[in-house]
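> For reference, the sequence and a predicted model appear below.
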Amino acid sequence: MDTIDNKILMQLQKNAKQNTKEIAAKVGLSVTPTYERIRKLEQQEIIKSYVALLDRTKIGKELIAYCQVTLSQHQKKLADKFKEEILLLPDIMECHQVSGNFDFLLKIALDDIAEFHEFINEKLSIIDGISTIHSSFVLNSVKDSTGYNLEY
């Protein structure tokens, strides 16, 4: 990857609906080399997919919770089973295995606190091997970005 690739990726992160001609004009290349670079970035899976970013409040996802999950034992088998179970829960937007005072950090999007209560009691806490769950709720988002900074 070079500076031009970075510029292309920044443009796609800003608006993936731009056509190749628009991107080419913004990065200083002609259309064909821009198209070829985009295809190469896709083939290398640097560009993993194209998605629509939704306004969560307009689709009823008013509550964002971060849950810190600690497993009862540090065993590969238990961690692997936990990961499998998490993949089956579509309300969990992100799951990260982390170092520190807990084992996993989950980002969960739900309609309201009642739905969160049901989610914890009926879905998350029934997963075998969970020792503790600590939850924090987003009150206000100061910055909410999905794009990576590639400008140096």
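Nice, thanks for sending it over. All figures in this text were calculated on a predicted structure; none of them were measured in a lab.

> At the geometric centre of the protein, which residue sits there?
residue 94 (5.4 Å; Cα atoms, centre = their mean).

> Mind splitting the chain into its structural domains?
3-43, 56-137 (automatic domain parsing).

> Nearest to residue 148, out of the ones you listed?
domain 3-43 (7.0 Å; Cβ to Cβ). Placement of C-beta: from N, CA and C, glycine included.

> returning to that earlier point: now do the contacts for the residue nearest to the centre of the chain.
105, 106, 107 (Cβ atoms under 8 Å, 6 or more residues apart in numbering).

> Can you pull the phi and psi angles for the last one?
It stands for residue 107. Note on residue 107: its backbone torsions stand at phi -110, psi 120 [degrees, to the nearest 10].

> Just give the nearest non-adjacent residue to it, would you?
residue 94 (4.0 Å; Cβ to Cβ, 6 or more residues apart in numbering).

> That neighbour: what secondary structure?
strand (DSSP: H, G, I helix; E, B strand; the rest coil).

> Can I get the contacts of residue 94 in TSV including pLDDT?
Shown next, in TSV, are those (pLDDT from 0 to 100):
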residue	pLDDT
105	98
106	98
107	98
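
> distance of the nearest residue to residue 69 once chain neighbours are set aside from residue 57?
Distances taken as Cβ to Cβ, 6+ apart put residue 104 closest to residue 69, at 4.3 Å, once the chain neighbours are dropped. Going from residue 104 to residue 57 by Cβ to Cβ, to the nearest Å gives 26 Å.
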